[in-house]
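# Okay, here's the prediction I keep looking at, along with the sequence it came from:
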Amino acid sequence: MPTLVYNCPSGISGDMNLGAMIGLGVDPSALETELRKLPYKGWHLHFESDQRGGISGTRCTVHLHPIQNSKNGRAHEHEHHHRTFSDIRKAIENSDLSARVKGDSVACFHALAKAEGAVHGIEAEKVHFHEVGAIDSIIDIVGAAICWDFLGIDRIVC
């Protein structure tokens, strides 16, 4: 049973996780190809070697492209859309991602929605994600599920 062990006493960001998965052998272009199956546009991944505190690894950054304003033609920052768990689940389930990736991705978002719903006293399906509903966060979470699939991970231990 291939097991992935996360030993992150200070936590881990989605970008750090994707960089670590590349370090474990996931092909960056294959990851991006799979992520393009999601209905979200205006982003790309960037990978580079990095070193912090004497530890080297791969840095992954999700870059959001500026959006052209149709009224004045000027570029502006990518908008932060607040998506519900239900919106994100439907986008994942309606994509051409593998069944395993869909299941793992939806399970991650469902765990987040349940926790958020418990804090705010609402059902998971009605949770509006703010930061987690942004494209870069969706890419991080679905990207993790894609990497686990590529690596054949059957179990995760934290």
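Nice, I can see it.

# rest of the way, CA atoms for contacts and neighbours
OK.

# separation between A107 and S13?
Using Cα to Cα, to the nearest Å, A107 is found at 18 Å from S13.

# How far away from the center of its chain is the longest helix belonging to the chain?
Criterion DSSP state H: the longest helix present in the chain is helix 99-120. Put simply, helix 99-120 sits 12 Å off its chain's centre (Cα atoms, centre = their mean, to the nearest Å).

# so what's the spatially most central residue of the chain up against?
For the chain, the residue nearest the mean C-alpha position is D140 (1.9 Å; Cα atoms, centre = their mean). Each residue near D140 by Cα atoms under 8 Å, 6 or more residues apart in numbering is listed here: G14, D15, N17, L18.

# In three-state terms, label it for me.
helix (DSSP: H, G, I helix; E, B strand; the rest coil).

# tell me the pLDDT at L45?
pLDDT recorded at L45 is 95.

# and it, what are its phi and psi?
The phi/psi pair for L45 (degrees, to the nearest 10) reads phi -100, psi 150.

# try D50
According to degrees, to the nearest 10, D50 has phi -150, psi 160.

# For the protein, just list every one of the strands.
Secondary structure of the chain, counting by DSSP state E: strands at 3-5, 43-52, 55-64, 67-68, 75-76, 83-84, 128-129, 155-157.

# quick one: average pLDDT of the fifth one?
If you average the pLDDT over strand 75-76, you get 47.

# show me where pLDDT drops low in this protein?
Scanning the chain for pLDDT under 70 picks out 67-81, 131-133.

# just to revisit the earlier point, so which of the contacts of D140 is the most crowded?
Within those, most neighbours by other Cα atoms under 10 Å means L18, with 29 neighbours.

# how close does that one sit to L97?
17 Å.

# what do you get for S49?
28 Å.

# Who has more neighbours out of those two?
L97 (18 against 11).

# What is the burial count for the closest residue to the more buried one other than its chain neighbours?
Distance criterion Cα to Cα, 6 or more residues apart in numbering; nearest residue to L97, sequence neighbours excluded, is K37 at 6.3 Å. For K37, the count of nearby residues is 15 (other Cα under 10 Å).
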